[in-house]
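Novice: Got a sequence here, can you build the structure:
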Amino acid sequence: MKSLRFDNVTKSFSGGGRRVEALSRLSLEVAAGDFVCIVGPSGCGKTTLLSLAAGLERPDSGSVTVDGRKVEGPAPDRVLVFQEPALFPWLSVRRNVEFGLWAQGVSAGRRRRTSHRFLKLMHLTHFAQARIHELSGGMKQRAALARSLAADPDILLMDEPFASLDSQTRDLLIVELQEIWMRTQKTVLFVTHNLREAACLGDRVVVLSARPGRTIRVLEIDLPRPRQIESLGLMEMIRPAVQDLRAEVAKVAEEEARGAPAD
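Specialist: Predicted coordinates for the structure are as follows:
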């Protein structure tokens, strides 16, 4: 696996006739094999952070590096998992999982073995030939994650992948993602609005301020896995960050009330 590092990163965007600073002098290190979660109010630069790591954006200043090498653009060692599964509806579940391997020129036999492995891991073996519209929301997200893992990236960049799911499905996938991480030891940078979800999943939880995003608190989560989101131990661990996050959300609400444009 590989490490991911942000050094003194600042990133701004132009829109509506003004310059908006999304991130300000932010530094963060994700060691190889770490599971780090980012939480913060809307517009604080969480998704921007993932885009920088994926090589889809470049910082105005500072640097983003993978194993000490500057990120210059997208690369197969990093995969971005979105809130919406973004699967191909005209392909079967198996063909979706195999798509990245097919694009890399991997042989049919190896593609089949790899897809079978990750379909089994995601409890989708019996739906290998199904079309995407035949799947539930949770199954679609499992298929999208299977496709990402099949490509064997060193780093998984996850942008609120459970946000659109019902609470029961989300809680189930939170446990399953922990079990997958324990088996694969991928480096994971996971963005969420949900502080409890972040603490349930991460080794560390990084709380960002209102825009421009900067680190205001880091929580070390030292609890055995797999964790359950309703755990009382989790509630105790996140207590110091709850007021921080509420205060930052209030800042966003005040800014919007003054008529500032939302992201």
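Novice: so what are the domain limits for the chain?
Specialist: If the domains of the chain are taken from automatic domain parsing, they occupy 4-77+154-257, 87-152, with pieces of a single domain joined by a plus sign.
Novice: Make JSON lines from the ones you listed and add mean neighbour count and mean pLDDT to it.
Specialist: Heads up, the C-betas are built off the backbone N, CA and C, glycines and all. Below are those laid out as JSON lines (neighbours: other CB atoms under 10 Å; pLDDT from 0 to 100):
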{"stretch": "domain 4-77+154-257", "mean neighbour count": "18", "mean pLDDT": "91"}
{"stretch": "domain 87-152", "mean neighbour count": "17", "mean pLDDT": "92"}
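Novice: Return the distance of stretch 184-204 from the chain's centre.
Specialist: In terms of CA atoms, centre = their mean, to the nearest Å, the gap separating the centre of stretch 184-204 from the centre of its chain is 8 Å.
Novice: Check the separation of the first and last residues in it.
Specialist: Criterion CA to CA, to the nearest Å; first-to-last residue distance in stretch 184-204 is 18 Å.
Novice: SS state for the closest residue to Gly202 other than its chain neighbours?
Specialist: On the basis of CB to CB, 6 or more residues apart in numbering, the spatially nearest residue to Gly202 that is not a chain neighbour turns out to be Cys37, at 3.6 Å. Following DSSP: H, G, I helix; E, B strand; the rest coil, Cys37 is assigned to strand.
Novice: so what's Cys37 up against?
Specialist: By CB atoms under 8 Å, 6 or more residues apart in numbering, the residues touching Cys37 are Phe190, Val191, Thr192, Glu197, Ala198, Ala199, Leu201, Gly202, Arg204, Val205, Val206.
Novice: partners of the first one in the sheet?
Specialist: Beta-bridge partners of Phe190, counted by DSSP bridges, are Cys37, Met158.
Novice: you'd agree it is up against Val39?
Specialist: No. Between Phe190 and Val39 there is no contact, the gap being 9.6 Å when judged by CB atoms under 8 Å.
Novice: Need the overlap of contacts for the two.
Specialist: Taking CB under 8 Å, 6+ apart as the contact definition, Phe190 and Val39 share the neighbouring residues Ala198.
Novice: Secondary structure added to the contacts of Cys37, as TSV?
Specialist: Supplementary listing: those in TSV, determined by three-state DSSP:
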residue	secondary structure
Phe190	strand
Val191	strand
Thr192	coil
Glu197	helix
Ala198	helix
Ala199	helix
Leu201	helix
Gly202	coil
Arg204	strand
Val205	strand
Val206	strand
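Novice: all strands for the stretch 101-250 of the chain, in order.
Specialist: Residue ranges of the strands in the stretch 101-250 of the chain, as given by DSSP state E, counting those that start in this stretch, are 155-159, 187-191, 204-208, 215-220.
Novice: would a markdown table of these with distance to Ile174 be doable?
Specialist: Putting the strands of the stretch 101-250 of the chain into a markdown table (distance: least, CB to CB, whole Å) gives the following:
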| stretch | distance to Ile174 |
| --- | --- |
| strand 155-159 | 12 |
| strand 187-191 | 10 |
| strand 204-208 | 14 |
| strand 215-220 | 17 |
